[in-house]
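In: Sequence plus predicted model, see below.
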Amino acid sequence: MKYTCQTYVTFVFSPAFIVESQNNEQFLREDGFKPVLQPGTLDRVLEKYEEVEVASRELKTLKVPKGALYFVFYDRLVANVNHDGKPVQMFSGPINETGMFYLDNEGDLYTRAELENNRKVHKLLSEKQKSLLAMMDEYDSSRIIQTGGHWSNDTNFILSHKDVLVSPNDVQMVDTEIPWPTD
C-alpha cells in the first residue's frame, strides 16, 4: 500500500472572538451598520478551521485567520485503497504534532519570574497574580497567557516547553471567512 504524508494545521479561536460571534448570533436583526450572524454560523466557521491542509510548516506562508488564539501543525499518513472496487482514502491519526503557536496579540504573557519579582517589589500580590502563580504551580509551567478583558472573564492558557509565542508579523493574518447575511 502506498501512502503520502500530508501536513495540516488546526486553528483555535480566542474566547473574545467566540463570545462576540455568539452575541451576534443571538440577535436576528441589524445591529447598527453590522449585520448579525444567523444561528449556527459560528459552528460552521470554527469547523472550517479545525483541519486545514497546508503545503508546509513555514510560518511566513501560513494564512492565519483573524481571531485565532493559537494553532498547531501535524501530519497524517494518507493512503488510497480500493474497497469493494471503489477508491477510498484512508487517514492516520495525527502524527508529528508541534507545540502550540500562540499569537502574542491575543493575550498577555506572564512569566513566573515576572510575577515573583513583582511579589518581591510590592510585597503583596493581587488575587489575579496569585491565581496565575497557582495555575503555573499546578501545571509545572513557567509561562502563562491570559486572554479576555475583565478579570472575571479571563481565560488562562498554560504554555508548555514546546509552545511558542508568535508575532502576527511572522505569519499572514487574513480575514476570518464568516458568511455574513446578504439581505
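Out: Yes, it's here.
In: where exactly do the helices run in the protein?
Out: 15-26, 41-48, 112-122, 127-138 (DSSP state H).
In: worst average pLDDT in the ones you listed?
Out: Of all the helices of the chain, helix 15-26 carries the lowest average pLDDT, namely a mean of 71.
In: what's the spacing between residue 61 and residue 9?
Out: Plainly put, residue 61 is 11 Å away from residue 9 if you go by C-beta to C-beta, to the nearest Å. Heads up, the C-betas are built off the backbone N, CA and C, glycines and all.
In: nearest to residue 88, of the helices of the chain?
Out: For residue 88, the closest of these is helix 41-48, at 22.7 Å, according to C-beta to C-beta.
In: Now do that closest one against helix 15-26, angle only.
Out: For helix 41-48 against helix 15-26, the angle by axes from the mean of the first three to the mean of the last three C-alpha atoms, to 10 degrees is 140 degrees.
In: ok so, going back, got TSV for the helices of the chain, with distance to residue 97 and mean neighbour count too?
Out: Output for the helices of the chain, formatted as TSV (distance: least, C-beta to C-beta, whole Å; neighbours: other C-beta atoms under 10 Å):
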stretch	distance to residue 97	mean neighbour count
helix 15-26	23	15
helix 41-48	20	15
helix 112-122	25	12
helix 127-138	23	14
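In: As TSV, those helices with distance to residue 104 would be great.
Out: Below are those laid out as TSV (distance: least, C-beta to C-beta, whole Å):
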stretch	distance to residue 104
helix 15-26	15
helix 41-48	22
helix 112-122	15
helix 127-138	17
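In: between those, which gets nearest to residue 4?
Out: Nearest of the helices of the chain to residue 4, taken as C-beta to C-beta: helix 41-48 at 23.2 Å.
In: ok, back up a step: give me the more crowded residue out of residue 61 and residue 9.
Out: Per other C-beta atoms under 10 Å, whichever of residue 61 and residue 9 has more neighbours is residue 9, with 21 against 11.
In: surely that one meets residue 56?
Out: No: here residue 9 does not reach residue 56: they are 10.2 Å apart, not a contact under C-beta atoms under 8 Å.
In: picking that back up, can you tell which of the helices of the chain is closest to residue 145?
Out: helix 127-138 (10.1 Å).
In: elements contacting the closest one?
Out: helix 112-122, strand 143-147, strand 155-159 (3 or more C-beta pairs under 8 Å, 6 or more residues apart in numbering; DSSP states H and E).
In: Need the ones you listed in JSON lines (columns: distance to residue 175).
Out: Listed next are the helices and strands packed on helix 127-138 as JSON lines, based on distance: least, C-beta to C-beta, whole Å:
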{"stretch": "helix 112-122", "distance to residue 175": "34"}
{"stretch": "strand 143-147", "distance to residue 175": "20"}
{"stretch": "strand 155-159", "distance to residue 175": "23"}
